[in-house]
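Q: Provide a 3D model corresponding to the input given below.
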Amino acid sequence: MIDKKAYALSDVQLKRYEKLDAEYMQMYTDPDNCIPKFIMPVKGTFNPTWEEMLSDKEVMLKYHLEKHIPHMEVGDDCVLYARVDFGTCVVANAFGCDVFYPVNNLPCAKDHVVKTREQIYSLEIPDIDSAPYRKVKEWTEYFVKNLPEGYHMMMSDIQGPFNNAHLVRGTDIFYDMYDDIEAFDKLMEVVTDATIEYAKAQRQWMGTKEGWQYDWSALWKGNARISNCSLHMIGRDLYIDHVMKHDIKLIEKMNGARMHYCGTAKNVIEEMAKIPHITGIDYDSLLHDIEETMDNVPKDLTLLQSLSLSSDTAKKILSSKTWPFKKRNVIFSLRGPMTVEEGKDLYRRFRKIAEN
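A: Numbers count the residues shown, from 1 in each chain. Alright, predicted model coming up:
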């Protein structure tokens, strides 16, 4: 049984995280004057295997609570959150895909339930009471009940319309885009609606404040995150012509959402940024120019990117006395690992420059 008192925050800590939330909210209300955020890659001392976490909700919750202790010691910009994490395959599993459990890793889809284009037309939205969703609900309710004051729930992975459709259909989905666009659109329509239904159900289970979400160590405007990893396999034009409308629908139905894009295609991020009610984008800074992206993406979106200390961007920041870029709403997640003492020193240096 989780001892909530062992993780209770002091009044000083509670006020500090309330202030941090306000700073994240300022990224949307006053992006020109907000302070860039930095999350240090410090690691906790309680590190169970994925097999241990996936078989025991108490172990998974304890892991999330323990991993924030070094962040509190560093004093960086990581918010306090916990997440029920069953990997990328929950929606696919609800559709009927089998699950594969790699050694000490998150579960993933083992096969693809839609073998032929003809099967697409009989595909139905999974019942929200299906076994994969029931387990997420049960564990979420346990987390909510046992979270100490000041901690928040992060949504379990919903993936996104195209990612989930890729898992359900397999690589044949890329042939469908050329050979039978009607079948592709039908598949995307059903999977998009299923993803929306699952996302809305999770918001209810978590009892989360409408309009905001704790996600990937930060506080974001919006009510969901779309993961668009499978866009690696298509370019900008195919995204605009056949996938983007489904992202638009999910973001509209969720009253705002942010996007994860780990692909390399040029100008896809800029196209995503045009979607109404999109609230933010995270991307891999090794694959895209940070300064160019900060210049091209409007300031009503918050940006998050990883940052290596060996990168030109990190060197430029740390060698400056004042912030070397245009002030805007940007979050840097440092690559690691590093000790608490290293994290304290580095965060202090980054923060001092960001404030000038």
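
Q: where along the stretch 1-150 of the chain do the strands fall?
A: If DSSP state E, counting those that start in this stretch is used as the criterion, the strands of the stretch 1-150 of the chain fall at 37-39, 81-83, 99-100, 108-109.

Q: Please apply the same query to the stretch 151-300 of the chain.
A: Counting by DSSP E, counting those that start in this stretch, the stretch 151-300 of the chain has these strands, from start to end: 152-154, 212-215, 218-221, 225-227, 257-261, 278-283.

Q: follow-up on the earlier one: of all the strands of the stretch 1-150 of the chain, which gets the most neighbours per residue?
A: Greatest average neighbour count among these goes to strand 37-39 (a mean of 25), per mean count of other C-beta atoms under 10 Å. C-beta coordinates here come from the backbone N, C-alpha and C atoms, glycine included.

Q: Same list (the strands of the stretch 151-300 of the chain) but as CSV, adding mean pLDDT and mean neighbour count.
A: Putting the strands of the stretch 151-300 of the chain into CSV (pLDDT from 0 to 100; neighbours: other C-beta atoms under 10 Å) gives the following:
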stretch, mean pLDDT, mean neighbour count
strand 152-154, 98, 21
strand 212-215, 98, 24
strand 218-221, 98, 24
strand 225-227, 98, 23
strand 257-261, 97, 24
strand 278-283, 96, 24
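
Q: tell me the residue furthest from the middle of this protein?
A: Here the centre of the chain is the reference, and by C-alpha atoms, centre = their mean the most remote residue is Glu118, at 33.4 Å.

Q: Do you know the pLDDT at it?
A: Note for Glu118: predicted pLDDT of 97.

Q: and the gap between it and Glu189?
A: For Glu118, the distance to Glu189 under the criterion C-beta to C-beta, to the nearest Å works out to 16 Å.

Q: Next SSE downstream of the lowest-mean-pLDDT helix or strand in the chain?
A: Within the chain, confidence by mean pLDDT, DSSP states H and E is lowest for helix 290-296 among all helices and strands, at a mean of 88. For helix 290-296, the following helix or strand on the C-terminal side (DSSP states H and E) is strand 302-307.

Q: Report the buried residues of that following strand.
A: By neighbour count, with 16 or more other C-beta atoms under 10 Å as the criterion, the buried positions of strand 302-307 are 302-307.

Q: Check stretch 32-47 too.
A: Within stretch 32-47, judged by 16+ other C-beta under 10 Å, the buried ones are 34-42.

Q: same thing with stretch 349-356?
A: Burial within stretch 349-356, assessed by neighbour count using 16+ other C-beta under 10 Å, is assigned to 350-351, 353-354.

Q: Turn those residues into TSV, columns for secondary structure and distance to Ser230.
A: Supplementary listing: these in TSV, determined by DSSP: H, G, I helix; E, B strand; the rest coil; distance: C-beta to C-beta, whole Å:
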residue	secondary structure	distance to Ser230
Phe350	helix	33
Arg351	helix	36
Ile353	helix	37
Ala354	helix	34
